[in-house]
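Peer 1: pasting the structure only:
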DNA sequence: ATCCCGAGGG
DNA sequence: CCCTCTGGAT
């Protein structure tokens, strides 16, 4: 098979996103938050856990810990019961307190808009920092989670596995104004249709644009 | 039983 | 690269 030109790949990528958006017009971040800190906390909690479950616990959590200073002055065991049903609760509680202490000590209690700075916070890795950033209007980012990684590979948008390289490929492929929604669309599509084990190509809105149509398994 | 919208550590 | 941490969803 002839190698696809980068220009035609870009056009195909845009077409993929537009079809996905038509199929999922309601796409958006599902976490409930009202302040930058609430967003940061909600995204940290969302690891290995559904947004729905996070939204169930955050009202009480946010009321008890209204700002960074509240977490910073709390003991980890005070935070744990609020987030217990979200999984990984010990690590998350510990990280929330430690991150809040760093925010208070080094950032005036405010959530940084810089991805590099966000990544210095305990419990905040590249993906979490990227999501927080794009939703706060901070640094541009195309956060790569397991869904984005898998779909980018299947769709032929990257040949890499390393999330950093996948992100670079996606950023090169799409104009930055599409990164936020593009990330969200790929995640939703991965969850709803393009499953890791057995993708539902028969009802996939972008099957005709996909080089791996009908191919099972994740792998590069 | 098995997988998951991750991060950190060995 | 591999492992662990966790409960919930399926």
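Peer 2: Happy to help now that I have it. From a predicted model like this one, the values you see are computed outputs, not experimental measurements. Numbers count the residues shown, from 1 in each chain, chains lettered A, B, ... in the order given.
Peer 1: next one: phi and psi at the residue of chain A found nearest DNA strand C?
Peer 2: Per Cβ to the nearest atom of the strand, residue A:87 is where chain A lies closest to DNA strand C, at 2.2 Å. For the C-beta atoms, the positions are set from N, CA and C on the backbone; glycine is no exception. Main-chain dihedrals, residue A:87, degrees, to the nearest 10: phi 80, psi 150.
Peer 1: so what's it up against?
Peer 2: The contact partners of residue A:87, taken as Cβ atoms under 8 Å, 6 or more residues apart in numbering, are A:48, A:49.
Peer 1: Residues of chain A that sit close to DNA strand B?
Peer 2: Within chain A, the positions adjacent to DNA strand B are A:30, A:46-51, A:87-88, A:91, A:95, A:121-129, A:131, A:145-147, A:187-188, A:190-191, A:195-197 by Cβ under 7 Å from any atom of the strand.
Peer 1: Quick check: PyMOL command selecting the buried ones in the residues you listed.
Peer 2: To isolate the buried members of the residues of chain A next to DNA strand B in PyMOL, using 16 or more other Cβ atoms under 10 Å:
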select buried, chain A and resi 46+47+49+95+121+123+124+126+127+128+129+131+145+147+187+188+190
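Peer 1: Which ones among the residues of chain A next to DNA strand B lie within helices?
Peer 2: With helices taken from DSSP state H, the overlap with these comprises A:51, A:91, A:95, A:126-129, A:131, A:146-147, A:187-188, A:190-191.
Peer 1: which among the residues you listed are in contact with DNA strand C?
Peer 2: Answer for these near DNA strand C (Cβ under 7 Å from any atom of the strand): residue A:91.
Peer 1: Of the ones in helices among the residues of chain A next to DNA strand B, which is the nearest to residue A:111?
Peer 2: Set against residue A:111, the nearest of these by Cβ to Cβ is residue A:129 (10.7 Å).
Peer 1: Chain A: helices as residue ranges?
Peer 2: A:6-23, A:36-45, A:51-64, A:68-72, A:76-83, A:89-107, A:115-118, A:126-135, A:146-154, A:163-173, A:179-192.
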